[in-house]
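Participant: Fold the stuff below for me.
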Amino acid sequence: MRRSGHAALALLITALAACSGSGTKAGEPPASHEHDTSTTSSTSPRNTTTTTRATVTGPMGAGPGVNIYAHTGVGMLAPTMADIPTRVYVPNSLSNTVDVIDPNTLQVIDHYAVGRTPQHVVPSYDLSTLYVNNNKGNSLTPIDPRTGKPGRAIPVEDPYNLYFAPDGTRAIVMAERNSRVDFRDPKTWSLVKSLPIAHSGVNHADFTPDGSTMIASCEFSGWLVRIDLATMTVTGELKVGGMPVDVRSSPDGTVMYVANQGRNGVSVIDPATMTEVGFIAAGRGTHGLYPSRDGTKLYATNRLGGSISVIDFATRKVIDTWHIGGTPDMGGISADGTRFWVTGRYSGAVYVVDTTTGALVKRIPVGSGPHGLSIFPQPGRFSLGHTGNYR
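Facilitator: Numbers count the residues shown, from 1 in each chain. Okay, here's the model as predicted:
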């Protein structure tokens, strides 16, 4: 974590370490970050022989002509979103609350209690509901986006993060504390299958273009795992070292970008072969990844460096760095693409950044330990989860 002479910040960081989804997580890379990109292939539960699926476009549906962000551009809100007011929902993991911000006035307009240690606010697959992931409260708090009000909590064990299968048939709970990925019915929330993960810290993911495969990060152990969604089994893994966190697909689906907080940059991964094919140095503590509204750039938050790196998808290079200060973590892009909303994880604030200039528009005070905020609605036909991964 960032060093500071202020006692208050030190106390907050200590508290965050105690309240994280795992007893080992404190938001800071471990003492040693050796870079090991080993792969394994065996019949053990940890990994099986690497396989690929051929399609007309290439492995896992990726290749030239593919654009997974084709339906998430400016003005592409789903018709059912027309009557929903745009709001920013901020889960405060230490306060056990949610703050609601009006993006027009940049003011907090509502505040309510939820379950213990809310980590992320996740749009449902059909965009009808927002779910607050109450990690240590073992529950999801549903929010009606038309009213902005919470409903009755739904019992779900260890929901650190939440995703949805691209065909909408499964809710995928990233049970970080329990080192599992739990597949559930997205309507009843009954458990379909619980998949143990051999590496600690499984918490973020993204999907291949054909919807067959999920690549998930294991933050505390430096591993990535590949999961077949049809069989709900691990089919490959890769050790990248450091602390891999957020995962995002390239527009054509040929590679996955993985924010690596321990290595201060972004690993570029071939999901078909489970190899690291490149690395992009960014800033200290690279943590969250968000594609621009036109799908040409990737915004990488540097949580320990107080900056945001702008990566060009075409060249895989950093083309700009926005120094906003604080501890930028997780967030989302406005529907018109002009503003990036992101939490200050250890700063008790939300930052509003102008994407045309990189300037900080406003710092909005919120509760303690703000984490995975969601700005809603955003363009897209359906949600794949996290704070707003749309297709």
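Participant: ok, A62 - contacts?
Facilitator: Counting by C-beta atoms under 8 Å, 6 or more residues apart in numbering, A62 makes contact with T208, P209, D210, D252, G253, T254, A272. For the C-beta atoms, the positions are set from N, CA and C on the backbone; glycine is no exception.
Participant: helices and strands of this structure: which one bottoms out on pLDDT?
Facilitator: Across the helices and strands of the chain, mean pLDDT, DSSP states H and E gives its lowest value to helix 7-19, namely a mean of 41.
Participant: Output the following helix or strand past that one in CSV, but only the C-alpha positions, please.
Facilitator: Next along the chain after helix 7-19, taking DSSP states H and E as the criterion, comes strand 87-92. Provided in CSV are the C-alpha atoms of strand 87-92 (Å, rounded to 0.1, in the frame of the first residue of the first chain):
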residue,chain,number,x,y,z
ARG,A,87,-27.1,6.6,-10.9
VAL,A,88,-23.8,5.6,-9.4
TYR,A,89,-24.0,2.9,-6.7
VAL,A,90,-21.0,2.8,-4.3
PRO,A,91,-20.5,-0.2,-1.9
ASN,A,92,-18.6,0.9,1.1
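Participant: so what's V353 bridging to?
Facilitator: Beta-bridge partners for V353, by DSSP bridges, are F340, L360.
Participant: from memory it sits against I364, does it?
Facilitator: No. Contact status for V353 versus I364: not in contact, 11.9 Å apart, counting by C-beta atoms under 8 Å.
Participant: Which of those two has more residues huddled nearby?
Facilitator: Taking other C-beta atoms under 10 Å, V353 and I364 do not tie; V353 has more neighbours (24 against 20).
Participant: so who does the more buried one touch?
Facilitator: V353 makes contact with I308, W322, I324, R339, F340, W341, V342, A359, L360, V361, according to C-beta under 8 Å, 6+ apart.
Participant: And the nearest residue to the third one once chain neighbours are set aside, what's its pLDDT?
Facilitator: When you say that, I think you mean I324. Spatial nearest neighbour of I324, excluding adjacent residues (C-beta to C-beta, 6 or more residues apart in numbering): L360 at 4.5 Å. Looking at L360, its pLDDT reads 98.
Participant: go on, G211?
Facilitator: Per-residue pLDDT puts G211 at 97.
Participant: mind listing what's buried in stretch 350-366?
Facilitator: Using 16 or more other C-beta atoms under 10 Å as the test for burial, stretch 350-366 gives V350, Y351, V352, V353, T355, G358, L360, V361, R363, I364, V366.
Participant: Could you dump these into JSON lines with distance to A171 added?
Facilitator: Formatted as JSON lines, the buried residues of stretch 350-366 follow (distance: C-beta to C-beta, whole Å):
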{"residue": "V350", "distance to A171": "27"}
{"residue": "Y351", "distance to A171": "30"}
{"residue": "V352", "distance to A171": "30"}
{"residue": "V353", "distance to A171": "31"}
{"residue": "T355", "distance to A171": "31"}
{"residue": "G358", "distance to A171": "36"}
{"residue": "L360", "distance to A171": "35"}
{"residue": "V361", "distance to A171": "34"}
{"residue": "R363", "distance to A171": "34"}
{"residue": "I364", "distance to A171": "31"}
{"residue": "V366", "distance to A171": "27"}
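Participant: among those, which two are most distant?
Facilitator: Set against one another by C-beta to C-beta, the buried residues of stretch 350-366 have their most distant pair in G358 and V366, with a gap of 22.1 Å.
Participant: so Y257 makes contact with D270?
Facilitator: No. Assessed by C-beta under 8 Å, Y257 is found out of contact with D270, at 11.6 Å.
Participant: More neighbours: the two, which one.
Facilitator: Y257 (24 against 16).
Participant: Now do the same contact list for the more buried one.
Facilitator: Here Y257 is in contact with V247, R248, S249, S250, V266, S267, V268, I269, I280, L289, L298, I311 (criterion: C-beta under 8 Å, 6+ apart).
Participant: ok, for A349, nearest residue in space, not its chain neighbours?
Facilitator: Setting aside the residues directly before and after it, A349 is nearest to R363 in space (C-beta to C-beta, 6+ apart), at 5.0 Å.
Participant: The one you found contacts T343, correct?
Facilitator: No. Judged on C-beta under 8 Å, R363 makes no contact with T343 at a distance of 11.1 Å.
Participant: isn't there a strand covering A272?
Facilitator: No. Assessed with DSSP: H, G, I helix; E, B strand; the rest coil, A272 is coil; it does not lie in a strand.
Participant: measure it to A70 for me?
Facilitator: A272 sits 21 Å away from A70, going by C-beta to C-beta, to the nearest Å.
Participant: between these two, who's got more neighbours?
Facilitator: Between A272 and A70, counted using other C-beta under 10 Å, A272 has the larger neighbour count: 20 against 12.
Participant: Give me the pLDDT for the more buried one.
Facilitator: We have a pLDDT of 97 for A272.
Participant: Correct me if wrong: it contacts P59.
Facilitator: Yes. The criterion here is C-beta under 8 Å, and A272 meets it with P59 at 4.0 Å.
Participant: picking up where we left off before, identify, from the contacts of A62, the entry nearest to V225.
Facilitator: Using C-beta to C-beta, T208 is the member of the contacts of A62 that sits closest to V225, with 13.7 Å.
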